[in-house]
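# no sequence for this one, just the structure:
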């Protein structure tokens, strides 16, 4: 029995590369269910094949996005399987086995899982560059906002082009901001976020340059009840109060 | 569909579509079929987001695993088999074929360098199995190596890549 286990264990590489024929795949999956060491090794090998896949990244035709979003709008999401649904909680960037945090409403969990996947992807891709340390600093804060019980997600359209997605949590006094399709600015300018309350606009951070038409995600803290979120194009060094027309007004 | 879900999916699309399409295109080759596979995977992601289990690995690994499986399923369908056999028989697959990707990213360079650190046999098993969708049995006959050897080389190759790429695990 032991010799047989040893033998089947050697299939971990072929399994992780989807190189097993169906019958052997099924047999290996049964073996995995009862072998923690094997499951752990396979998880590490799947993280590795994910890197092999990432190296081939190539933009799909632009029309595909509309088709997929339209099909998703028409399709029903499958409810979570029985048992608690792990929310997208994590402690450290890019490592498996983050501690979970239960979110009561299943629908909320789905949103958070989707958003969490998106954020992990964004942060991990960004981490290839010098944003690494900053991304790591903000990732736990991002996770806290996305998994907060009062997290709400909203979208807005930017005058001048682009769509923003915001997840705000008043219990965390912070929001996670990301945008797609923002118009490119000259090198001397950058987008700046503002939190606008009764006392006026407070700077909430400069946005990094877009990558693949995607800006962020970034965390803006210091959120107060009743704030609006605004966006302007400012000198790249940043401004302490808005000097250009507001391109977005989102009630948080 | 709740509005928040739709917004989250929109965001997710932008983050994962390039990787999903990249690996589908690499394995399936045919542009139209690669697009179909990509759409299937993204919709599966949408329908089954609740199945994602963070205990079993990162979201990145989960999404690319789904994408690779669907691509491999597609390429193994019977009607394409004969065409594929011919193509592979007439041309070797060089390991830097990853250069098909439009962008020469840092990640791309890193993976290329790590693939270069493998033995030739290890590298060929990765190219044929992961990037071309062959089973280990097919890889064995294509390379003229016993199946048992191919199995162990596949595992050795991924372990070496894992260490070279600095993957935790």
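Perfect, thanks for sending it. What you are looking at is a predicted structure, and each value in this text was computed from that prediction instead of being measured.
# Could I get the full set of helices for chain A?
A:2-9, A:12-16, A:22-33, A:36-54, A:63-74, A:106-126, A:132-146 (DSSP state H).
# Count the residues that sit near residue A:39.
Number of residues near residue A:39 (other C-beta atoms under 10 Å in any protein chain shown) recorded here: 17. Placement of C-beta: from N, CA and C, glycine included.
# whoops, residue A:7 was the one
11.
# In contact with it, which residues?
By C-beta atoms under 8 Å, 6 or more residues apart in numbering or on different chains, the contact list for residue A:7 is empty.
# Please apply the same query to residue A:145.
A:151, A:167-169, A:172, A:174-176, A:219.
# if we go to 6 Å?
Going by C-beta atoms under 6 Å, 6 or more residues apart in numbering or on different chains, residue A:145 touches A:167, A:169, A:172, A:174, A:176.
# which residues does the fourth one bridge with?
The residues listed as beta-bridge partners of residue A:174 by DSSP bridges are residue A:169, residue A:221.
# I'd guessed it sits against residue A:224; true?
No. Look at residue A:174 against residue A:224 with C-beta atoms under 6 Å: they stay out of range, at 10.9 Å.
# Between those two, which is the more surrounded one?
Taking neighbours as other C-beta under 10 Å, residue A:174 and residue A:224 compare with residue A:174 leading, 21 against 13.
# Now do the contacts for that one.
A:145, A:219, A:221, A:223.
# Flag the least confident of the contacts of residue A:145.
pLDDT across those is lowest for residue A:167, at 78.
# So it sits against residue A:155, correct?
No. Using C-beta under 6 Å, residue A:167 is not in contact with residue A:155, being 10.4 Å away.
# domain parsing for chain A?
As assigned by automatic domain parsing, chain A contains the domains A:2-53, A:77-251.
# rank the ones you listed by mean pLDDT and give me the bottom one.
domain A:77-251 (a mean of 71).
# sorry, back to before: more neighbours: residue A:167 and residue A:155, which one.
Taking other C-beta under 10 Å, residue A:167 and residue A:155 do not tie; residue A:167 has more neighbours (28 against 17).
# Roughly how far does that one sit from residue A:206?
The gap separating residue A:167 from residue A:206 is 19 Å, by C-beta to C-beta, to the nearest Å.
# go on, residue A:224?
The value you get for residue A:224 to residue A:206, if C-beta to C-beta is used, is 20 Å.
# hang on, the earlier thing: which pair in the contacts of residue A:174 spans the largest distance?
Greatest spatial distance among these (C-beta to C-beta): A:219 and A:223, at 10.3 Å.
# mind listing the strands for the stretch 151-252 of chain A?
For the stretch 151-252 of chain A, the strands defined by DSSP state E, counting those that start in this stretch occupy A:152-157, A:163-169, A:174-180, A:189-197, A:200-206, A:214-221, A:228-235, A:249-251.
# so which of the contacts of residue A:174 is the most crowded?
residue A:145 (27 neighbours).
# Contact distance from chain B - what residues of the stretch 151-252 of chain A qualify?
A:153, A:155, A:165, A:180, A:214 (C-beta under 6 Å from any C-beta of the partner chain).
# According to the record, where do the domains of chain B fall?
With automatic domain parsing as the reference, chain B has domains B:1-75, B:81-169.
# mean confidence for the shortest one?
Per-residue pLDDT values over domain B:1-75 give a mean of 83.
# Equivalent analysis for the last one, please.
Predicted confidence along domain B:81-169 averages 78 (mean pLDDT).
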